[in-house]
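Colleague: sequence-free structure coming up:
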C-alpha cells in the first residue's frame, strides 16, 4: 500500500474510534445510572411522598417529585403548544417566505440556544413583577418559554417538509387558509406535531435550572397553581446535596426514574410517529 | 365605577359575539392577525429577556462601574464587592476544556458518518444522538460525580501529575477530582450530539458533484475530505462549534455538580472553578437577603445571555446561508 | 479497430433493478464514441462503470468485466485512484473546487506529486491552453474559480482533468448546463483533443452526437441496441428501435 492509502486507513480508524467513543458514552451513562440507581429503587419510592426524616434516611419516596414534574412539564408543554402551534402554522401556511417569518425563525433559533438558567432568572423577575411566589404556575410559565422554541421549530420543519400541492389543492377547492391549516396541514403533519410536543415535554421534564428559581420545592403533592411544587431533577440535586449515603442512594434512583421517563418519551415518540405516519396521505 | 365595568363587559361581549358570527373571510382575516401577533412573541421575548435582566442589574451598575464588575477579582456579597472575573474565567476554562475534547471527536465522528458510513449506520446514528441529547443535565451531573470525578481523581490527574507536573497548566493542586477537568469532560459529552448533528448537516450540504470532481482526478476519499469537503464546509463547521460552545457555557446543573465551585482564578485544568451559571443557581436562595446581591446575580445572567445571543445570532446566520445554498 | 476500453458481460444493479444488461462493447482508441439513448436507458451508468464511479452510490452492484488496455479494472487489488486518474471526467455541471483557478488545475498534480515549482507553473499553463482557457484567465490565476462564468468553469474542469495526464476523457452530457456558445467551444475542444485521447461522451442531443461521433452506441432500457461507426448507424440503422429514435419517436 502506498503512503496515501495508509494515511486514509489511519484516519478512517481514528474516525471509527471517535464514533464508537461517542456511542459508548451513551452506554456508559445508562450503565452507571442503572447500576447505581437500581439497588435502592423500590415500590415505596415511587408511590410515597417523603415522610418525616426522609432526608435523614427515613421512610418515604419521591412521588411528590414525579407528580410535580409531570404537572410542570405537562402544563409547560400545553402552554407552549398554545403559542407554538399558531406560530408554526403562521410560518408554514400564511407566510412561508417573508421578512417577518425570517425574523421569527431567527429569533426562535436564537431562543433555542438561550441557557435555561437565564430563563429561570427571567421567570423569577416575571414572578416578582407579578407579585407571585415560587409556584407551579411560575414553573409552568418558565418551562413554556424554554420549550416554545424547541417545539415550534420542530413543527415548522415538519410543516415545511409537507408537499405544497396538497395545500394548494385545498386552497383551490375554495377553502380559506385557516380551514386548510386545520383540516389539511395539521392532519397531514400530525405525527410530526406529536413528535415535536413529546420532544418539548422531554426537554421540559428534565430541566432543573429553570424551575430552581420559579417552582420551588415541597414534600407534598402539588396542591394548587400558586403553591410550590417539587420536581424530579431537583429531587436528584437536593438529595445528592445531603451528607447521608442512604439519601444519596435515593438520588441515584431518582436519576434513574428521570432517565427512564425521558428515554421512554424519546423512544415512544419515534415509535408513535412511525405508527401514525401510515395514516397520513402519501 | 360599576357602570364602566358593565360598559367594558358589554364591549367585550359584543366583540366575542361579532367574532362568532363573522363570515368566513372575516374569520380568516381575524385568525391571520391573531397568528401574526402570536408569531411576533419570540422576537419580543428576546428583547424582553435583555431588558428585564438589564433593569434588574441597574442597581449595581449605579454603585459600581461596569469595568470594576467585569474585571474585579473579589467576590464578597456582604461587603458589596462583586467582582465577576473569577466566574467569567471559570466559565471560559470549563468551556474551552470541553471544546478541546469535543471538537476533534465530534468532527471525526461527523465526517465518518457523512462520508464513509453506510446508510444503515446512519439510521442507527439518528436515534442514538437523539437519546444522548435527551438525557437531562442532572443525570449527566450524576454520571459525572459517579464516573468522571473518580476517574479524574484516581487515574487522569495522577497520570498527568507524574508526566507533566512541570507545566503549570497541568499541575494538580486539587486532590478531589471535582474541578475544571471533570466539568469539561461532562460538558464535552453533553454537547457532542449537538455538534455532531450540526456538522453532519453541514457536510451533507456539500454537493456530491464537488466530491466527484476531486475523486475524478484520482484523489482518495480522505484527500477529497481534507482538501475539498472540509474547505467548503469550514464556515458551517465553525458555526456549529460556536453553537456548541454557547451551549457549553450556559450549561448549569451538570457543571455545577462536578466543577468544585470555588471562587478563585484557576491556573490549572485540575483546579476547581466556579462558572457563572453555577454561581446563579447556587445562590438564588439568599440573593434577596443581601443588598445588591440579586442585582449582581441578574448581572451574571445578563452577561451569559448577551454572550450566547451574539454567538447564536452569528452562527445561525452562517448556517442558514449554507443550508439555503444547498437546498437551491 | 484498436480498442482501448472493453466491457465484457457487464451488468449493473441499483438494489434489485438492473440498470445495465449484458453489455459487451469496445471503445476505440483516440476516437469519439457517443453513447445515446432516451433518459433512463443506462447511458450514464455505463459511463460511471468506466471510472468506477458507480460504487460511490449506496446499493449498487456490478458483475462482468471492464478492461482498460486489457486489464480488468474491477479485479481485486486494483488501485481505484489510478483508474480514475486515467480517465478525466466532465460532469453535467461544472464543479470548480473551492480554490483559485491555478490551484484547481494544480490540484491533481499536487495530489499525485507529479510536478512542483516551475514545472507546475508550466503544466498549469499548458493544460489551460489545451482547454482553451489560458488567454481569458492568465491575469487572474490566483482569484477564486467560482468567479468564472459557467462556460469558463466547464473548460477549467476540462483543464483540471487533463492535468493529471489521463488517457481518456469521459463526458456526461458536458454541455447540458451551458449556453450555446460555450457548448460549441467545448465541442470544438473535444474535436481537437481526440487526436490524443480516447473520448467517451454521453449525450441526449442527437445533433451533437452527429457533429462529434466517430462511433455510436445506442442504448435502450439498459441494453445496447446497436453500435458501430457513426455514419453507418446514423444513415443506415439496422435495428427498428434505433431508427425510431433517430426519427424522433421517443
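Modeller: Sure, I can see it. Just so you know, these numbers come straight off a predicted model, no measurement behind them. Residues are numbered from 1 along each chain as shown, chains lettered A, B, ... in the order given.
Colleague: ok, now how distant is the spatially most central residue of chain A from residue A:261?
Modeller: Taking C-alpha atoms, centre = their mean, the centroid of chain A lies closest to residue A:203, which sits 1.8 Å from it. Here the criterion is C-beta to C-beta, to the nearest Å. By it, residue A:203 lies 12 Å from residue A:261. No exception for glycine: its C-beta is placed from N, CA and C like everyone else's.
Colleague: Work out which residue lies at the spatial centre of chain B.
Modeller: Most central in chain B (C-alpha atoms, centre = their mean) works out to residue B:247, at 1.4 Å.
Colleague: for whichever residue of the stretch 51-200 of chain B sits closest to chain A, what are its contacts?
Modeller: Across the stretch 51-200 of chain B, no residue is closer to chain A than residue B:136, which sits at 2.7 Å (C-beta to the nearest C-beta). Counting by C-beta atoms under 8 Å, 6 or more residues apart in numbering or on different chains, residue B:136 makes contact with A:205, A:206, A:207, A:208, A:233, A:258, A:259, A:262.
Colleague: In TSV, list those along with secondary structure.
Modeller: Converted to TSV, the contacts of residue B:136 look like this (DSSP: H, G, I helix; E, B strand; the rest coil):
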residue	secondary structure
A:205	helix
A:206	helix
A:207	coil
A:208	coil
A:233	helix
A:258	helix
A:259	helix
A:262	helix
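Colleague: Identify the residues contacting the helix or strand encompassing residue C:62?
Modeller: Element membership of residue C:62, judged by DSSP states H and E, is strand C:60-68. Applying C-beta under 8 Å, 6+ apart, the contact partners of strand C:60-68 are C:4-14, C:22-23, C:49-50, C:54-55, C:72-74, C:83, C:86-87, C:167.
Colleague: partner strands of it, parallel or antiparallel?
Modeller: Partner strands and pairing direction for strand C:60-68 (DSSP bridges) are strand C:3-14 (antiparallel), strand C:71-72 (antiparallel).
Colleague: From residue C:170, how far out is the residue nearest to the centre of chain A?
Modeller: 51 Å.
Colleague: Repeat that for residue A:52.
Modeller: From residue A:52 to residue C:170 the distance is 83 Å (C-beta to C-beta).
Colleague: for residue A:170, same thing?
Modeller: Applying C-beta to C-beta, the value for residue A:170 to residue C:170 is 47 Å.
Colleague: got the contact list for residue B:141?
Modeller: A:236, A:237, B:186, B:253, B:254, B:255, B:256, B:257, B:258.
Colleague: between the residues you listed, which has the most around it?
Modeller: residue B:255 (34 neighbours; other C-beta atoms under 10 Å in any protein chain shown).
Colleague: In which helix or strand does that one reside?
Modeller: Going by DSSP H and E, residue B:255 is part of helix B:253-258.
Colleague: distance between that helix and the chain's centre?
Modeller: 14 Å (C-alpha atoms, centre = their mean, to the nearest Å).
Colleague: Now do the helix or strand that comes right after that helix: distance to the chain's middle.
Modeller: Counting by DSSP H and E, the next helix or strand C-terminal to helix B:253-258 is helix B:276-283. Centre-to-centre, helix B:276-283 and its host chain are 15 Å apart (C-alpha atoms, centre = their mean).
Colleague: What's the local residue count around residue 25?
Modeller: Assuming you mean chain A. Counted with other C-beta under 10 Å, residue A:25 comes out at 20.
Colleague: try chain B instead
Modeller: 9.
Colleague: these two touch, right, it and residue A:174?
Modeller: No - Residue B:25 lies out of contact with residue A:174 (C-beta atoms under 8 Å); the separation is 11.6 Å.
Colleague: can you pull out the strands in chain B?
Modeller: Under the criterion DSSP state E, chain B contains strands at B:75-76, B:81-82.
Colleague: Residue numbers of chain B in contact with chain C?
Modeller: B:118-119, B:207, B:209-210, B:212-220, B:223, B:227-228, B:231-232 (C-beta under 8 Å from any C-beta of the partner chain).
Colleague: Can you say which of these are buried?
Modeller: Applying a neighbour-count criterion of 16 or more other C-beta atoms under 10 Å in any protein chain shown, the buried members of the residues of chain B next to chain C are B:210, B:212-220, B:223, B:227-228, B:232.
Colleague: Contact partners for the nearest residue to residue A:155 once chain neighbours are set aside?
Modeller: Nearest residue to residue A:155, sequence neighbours excluded (C-beta to C-beta, 6 or more residues apart in numbering or on different chains): residue A:88, at 3.8 Å. Applying C-beta under 8 Å, 6+ apart to residue A:88 gives the contacts A:152, A:155, A:156, A:159.
Colleague: So which elements touch the helix or strand containing residue A:257?
Modeller: Using DSSP H and E, residue A:257 maps to helix A:245-276. Counting contacts by 3 or more C-beta pairs under 8 Å, 6 or more residues apart in numbering or on different chains; DSSP states H and E, helix A:245-276 packs against helix A:3-37, helix A:43-47, helix A:63-89, helix A:187-206, helix A:232-241, helix B:119-134, helix B:137-143.
Colleague: Low-confidence stretches in chain C?
Modeller: Applying pLDDT under 70 to chain C picks out residues C:1, C:250.
Colleague: related to what we said a few turns ago, go ahead and confirm the residue nearest to the centre of chain B touches residue B:191.
Modeller: Yes - assessed by C-beta under 8 Å, residue B:247 is found in contact with residue B:191 at 5.0 Å.
Colleague: tell me which parts of chain C are close to chain A?
Modeller: Residues of chain C found near chain A (C-beta under 8 Å from any C-beta) are C:79, C:81, C:111.
Colleague: if we go to 10 Å?
Modeller: C:79, C:80, C:81, C:82, C:111, C:112, C:113 (C-beta under 10 Å from any C-beta of the partner chain).
Colleague: Now the common contact residues for residue B:247 and residue B:191.
Modeller: Common neighbours of residue B:247 and residue B:191 (criterion: C-beta atoms under 10 Å, 6 or more residues apart in numbering or on different chains): B:95, B:98.
Colleague: Would you mark the buried spots in the helix-or-strand element of chain A with minimal mean pLDDT?
Modeller: The helix or strand of chain A with the poorest confidence is helix A:177-180; it has a mean of 79 (mean pLDDT, DSSP states H and E). Using 16+ other C-beta under 10 Å as the test for burial, helix A:177-180 gives A:177, A:178, A:179, A:180.
Colleague: Contact partners for the last one?
Modeller: Contacts for residue A:180 (C-beta under 10 Å, 6+ apart) come out as A:89, A:93, A:166, A:167, A:168, A:169, A:170, A:171, A:173, A:186.
Colleague: wait, doesn't residue B:186 sit right on residue B:257?
Modeller: Yes - counting by C-beta atoms under 10 Å, residue B:186 touches residue B:257, with 8.3 Å between them.
Colleague: Overlap in contacts, these two.
Modeller: Taking C-beta under 10 Å, 6+ apart as the contact rule, residue B:186 and residue B:257 both touch B:137, B:140, B:141, B:143, B:144, B:145, B:149.
Colleague: now, which of those residues sits nearest chain C?
Modeller: Nearest to chain C among the shared contacts of residue B:186 and residue B:257, counting by C-beta to the nearest C-beta, is residue B:140 at 34.8 Å.
Colleague: Which residue comes closest to that closest one once chain neighbours are left out?
Modeller: Distances taken as C-beta to C-beta, 6+ apart place residue B:254 nearest to residue B:140, at 4.0 Å, with adjacent residues excluded.
Colleague: Which ones among the contacts of residue A:88 lie within strands?
Modeller: Using DSSP E, the subset of the contacts of residue A:88 located in strands is empty.
Colleague: Taking these, please make a ChimeraX selection of just the buried ones.
Modeller: This is the ChimeraX syntax for the buried subset of the contacts of residue A:88, where burial follows 16+ other C-beta under 10 Å:
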select /A:152,155,156,159
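Colleague: Turn the contacts of residue A:88 into CSV, including pLDDT.
Modeller: Formatted as CSV, these follow (pLDDT from 0 to 100):
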residue, pLDDT
A:152, 95
A:155, 93
A:156, 92
A:159, 88
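Colleague: In helices, which of the contacts of residue A:88 fall?
Modeller: Within those, residues falling in helices by DSSP state H are A:152, A:155, A:156, A:159.
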